[in-house]
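Student: below are the sequence and a predicted model for it; my questions follow.
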Amino acid sequence: MVQSSPSTDRSSPLVSIPAFDAAEDPDLGTARPELLGPVPGPHGVAWVDLLARHECPAITARRARRAEHSGMAQDPLVWERALGSNVWDPDGNRFVDLCGGFGVVSAGHANPFVVEAVRVQLELLVHGLGDAFPSRPRIELAAALARICPGELQQVIFASSGSEAVEAAVKSAVMATGRSRFLAFEGGYHGMSLGALSASHYRPGFRQPFEGVLGGYADWLSFGVAEDDLRRFLGQQLELPAAILVEPVQGRGGNRCAPDGWLGMLRSLCDELGVLLIFDEIFTGFGRAGALFQAGSWSADGAVPDLLCLGKGMSSGFPISACIGTDQVMGAWGLSAGEALHTSTFLGHPVGCASALAVIELMEAGLLQRASALGDWMGESLRALAARHPGRLGRVTGRGAMRGLEVLPAGDSVGLCRRMLQRGYLVLPAGLGGEVLGFTPALTMTRAQWDGALLTLEELL
Ligand SMILES: Cc1ncc(COP(=O)(O)O)c(C=O)c1O
């Protein structure tokens, strides 16, 4: 029988989940900001000078130098170290990260329980042999995902980024249906690699220069499209799509929730027509949006997709992702005859798998309940703030610890983010036109850190 993993011989995971009302302590990552000088400071600026010489200007940190939107200097913050919800720059300034590293650090930055699992794994086996020879953590994680995912989602393809997980789902749907068109939604974001970008609609400008090398396999309808319009569209096509690809809550699109009943309608329609349903839960997964997964939860009307894409919060920081499908869909790949039809060098990276196993343990030990307390408070306090500033703030979007706050007039959010940074809070704009402030903090953020952020925001308004 399988022996216990080395990664389970650790102290209780509970120890590394600070209480919602935990006291401020920089050694636990639960402190509020402390700025020792200007933001960014001289050391940070010197690092960005070096970056500006050597990194392609496509990357945001380089582009940020331009003062286009806010009229203020846009040098990014260089991250030196991070713990919990705190991030320090090279000048010793301490910040609070309201983006949770793009929603990645589910258990907080450098959660001690996850770091210990990683350390143990690093000493045992850093790199496996992709698809050819599996490592033990990869096998354990495959089994753990099958246990925690809803419905019949039992078989996994591992990858390193969210985009790759989406592409694995796209390929699986093609294998299972023999069809090659996909239906996705306006405002949807599925990644930047060519295959995932072909299905992304968020910011058409991301696709436009590359149209010549994109697959062009997706059509887009409005997010929340009425059933009649959807049926009419499908009826006009020469061939049914292989699958419908949807984010249950659009993340980059502005933390927009699908309308009530809509995901359930998609599930029924897919069943009726023999079309597969893919949930891209790379952002919403692992407790981010009020449930472990939207799949199978009340917020998705109980709908379970045929393929589920996970990434981001799965490992709280290590690049690993997964596409999980039903036996029936994954079975369509057939038995491998010789070389794998789909693989990658770092598939099921042992260290990534060990960190994901640690995150699952944390979720089950109480992180998930902790996340829902945080998410409820975020929603309540944001709505109260918006009500106090009707001319400056609009809708509160999202669910759980994945929220958007609309800033009026649209376009002011970029400048507001910069002013928040200069007060020690890291927040990024989200939404189709960057019209909302996006809040996706570590699920371990304390109430004092969150309240401090909103107080600062209110002062700036
Ligand atoms: C819903 C969703 N899908 C896919 C991706 C792409 O993931 P990655 O950037 O890891 O390739 C993202 C990233 O933000 C995402 O939010």
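Tutor: That came in fine, so what should we check first?
Student: what is the neighbour count of residue 335?
Tutor: Neighbours of residue 335 under the rule other CB atoms under 10 Å: 5. Using the backbone N, CA and C atoms, a C-beta is placed for each residue, glycine as well.
Student: hang on, it in a helix?
Tutor: No. When DSSP: H, G, I helix; E, B strand; the rest coil is applied, residue 335 is found to be coil, with no helix at that position.
Student: mind checking how far it is from residue 269?
Tutor: Using CB to CB, to the nearest Å, one obtains 32 Å as the distance from residue 335 to residue 269.
Student: again, but for residue 148
Tutor: 27 Å.
Student: now swap in residue 157 and tell me
Tutor: Per CB to CB, residue 157 is found 26 Å from residue 269.
Student: what about the two, which has more around it?
Tutor: Remark: of residue 157 and residue 269, residue 157 carries more neighbours, 27 against 16, as counted by other CB under 10 Å.
Student: dump the residue contacts of the more buried one.
Tutor: By CB atoms under 8 Å, 6 or more residues apart in numbering, the contact set of residue 157 is 165, 168, 172, 322, 323, 325, 330, 342, 347.
Student: repeat that for residue 42.
Tutor: Residue 42 touches residue 91, counting by CB under 8 Å, 6+ apart.
Student: for it, grab phi and psi.
Tutor: phi -60, psi -40 (degrees, to the nearest 10).
Student: okay, now the residue of the stretch 301-450 of the chain found nearest the ligand: neighbour count?
Tutor: Nearest residue of the stretch 301-450 of the chain to the ligand, counting by CB to the nearest ligand atom: residue 311, 5.1 Å away. Counted by other CB under 10 Å, the residues lying close to residue 311 total 28.
Student: quick check, it in contact with residue 322.
Tutor: Yes. Here residue 311 reaches residue 322: they are 7.4 Å apart, a contact under CB atoms under 8 Å.
Student: so what sits against both of the two?
Tutor: With CB under 8 Å, 6+ apart, residue 311 and residue 322 have common neighbours residue 165.
Student: does anything pack onto the longest helix belonging to the chain? Which helices or strands?
Tutor: As assigned by DSSP state H, the longest helix anywhere in the chain is helix 368-388. Where contact means 3 or more CB pairs under 8 Å, 6 or more residues apart in numbering; DSSP states H and E, helix 368-388 is packed against strand 393-399, strand 402-407, helix 447-460.
Student: identify all contacting residues around the second one.
Tutor: Okay, so that is strand 402-407. With CB under 8 Å, 6+ apart, strand 402-407 has contacts from 103, 249, 251, 254-256, 283-284, 288-289, 375, 378-379, 382, 385-386, 392-398, 413, 416, 430-431, 435-440.
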